[in-house]
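[1] dropping the sequence and predicted coords here.
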Amino acid sequence: MDKVLLGALEAGGTKMVCATGYADGTVAERISIPTTTPDSTMEQVAAWFEDKGVAAVGIGAFGPTAVNSADERFGHILETPKTAWRYFDMLGSVQGRLGVPCGYDTDVNVACLGEVTFGCARGLTDVVYLTIGTGVGAGVLSNGNLVHGNMHPEAGHIMLVRDAHETLPAGESGCPFHASCLEGLIAGPGIAKRWDGKSAGEMAGDAEAMDLLAGYLGQALATFILCYAPQKIIIGGGVADHTPIVGLARAKCAEQLNGYLVTPEMADLDTYIVNNSLEGRQGIMGCLELARRALEA
């Protein structure tokens, strides 16, 4: 299996990252294709893979998407704000063109899988992977299995208590669906709306801004700990990568929990709540693991 060439497709709302590699996580080639219309984008994706000779492909797709193999919509994008992609058969498009086994899951679930298989969560059975960028997504591993349920976790949209110093008007956030969800208050659009179009990186030196964002993240982390009881929480995405909020949120999380949980993990938050460990490759590496599993199924 280690010598078998596998394919990986990290299908994002902004770009599609295509790669080839091996079961040990080694990436051989990769390319980024802008996400435009389904037909144009997937034509380019399939064309790139066609002459590579991959034995299987792992796909991590933006959501919401159907990840339950018993669902008749399995592999389809669902009610995404990207209207052109609604109900598009992502899995069928790749499988039909390439004719090889394909594994399919969400982009954040495969990032979680990448960290569990190759990164800082190796050997763990219960992990939350959180990405904070243009949106907020969560991949959850519970008892060794990626969580799907009736769809998949949308933990980026949990509701938060607004900070008393919040400057966004009541009823407004960066999320078109919720005024006070984690994504609306902490992801890129909410940051830009609050601070005159600036990015998270541009606000990184503003102590008050970082305190506000870290407070929201700390609330969410406490909720995830209480609901999922993970052995580790890993945080990636542009907002986390380019600001100090992960470190600041550890203290905020501890304040929220107020000593209620007494575990070895809670005694060492620096190694419990961490930034991602695979230099942005966790999604692609998780897709390679999905491809390996699809080939062996």
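    Now that the structure is in, tell me what you want to look at.

[2] can you tell me the helix or strand for the residue nearest the centre of the chain?
    By Cα atoms, centre = their mean, the mean C-alpha position of the chain lies nearest to residue 108, the distance being 2.6 Å. Applying DSSP states H and E as the criterion places residue 108 in helix 107-118.

[3] that helix - contacts with which helices or strands?
    For helix 107-118, the elements it packs on are strand 6-11, strand 57-61, strand 127-132, strand 136-142, strand 145-146, strand 232-236, helix 282-296, judged by 3 or more Cβ pairs under 8 Å, 6 or more residues apart in numbering; DSSP states H and E. Backbone N, C-alpha and C define where each C-beta goes, glycine included.

[4] possible to save the ones you listed as CSV with mean neighbour count?
    Shown next, in CSV, are those (neighbours: other Cβ atoms under 10 Å):
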stretch, mean neighbour count
strand 6-11, 29
strand 57-61, 30
strand 127-132, 28
strand 136-142, 26
strand 145-146, 16
strand 232-236, 24
helix 282-296, 25
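
[5] I'd like to know which of the ones you listed lies nearest to residue 155.
    Of all the helices and strands packed on helix 107-118, strand 136-142 sits nearest to residue 155, with 3.6 Å by Cβ to Cβ.

[6] just how off-centre is that closest one within its chain?
    In terms of Cα atoms, centre = their mean, to the nearest Å, the centre of strand 136-142 is found 7 Å from the chain centre.

[7] neighbouring strands - and their directions - for it?
    Sheet pairing of strand 136-142 (DSSP bridges) gives strand 127-132 (antiparallel), strand 145-146 (antiparallel).

[8] for the last one, what is the distance to the chain centroid?
    Spelled out, that is strand 145-146. A distance of 14 Å separates the centroid of the chain from that of strand 145-146, by Cα atoms, centre = their mean.

[9] that's a strand at residue 18, yeah?
    Yes. Under DSSP: H, G, I helix; E, B strand; the rest coil, residue 18 sits within a strand.

[10] for it, which residues are in contact?
    Contacts for residue 18 (Cβ atoms under 8 Å, 6 or more residues apart in numbering) come out as 7, 8, 9, 30, 31, 32, 33, 45, 48, 49.
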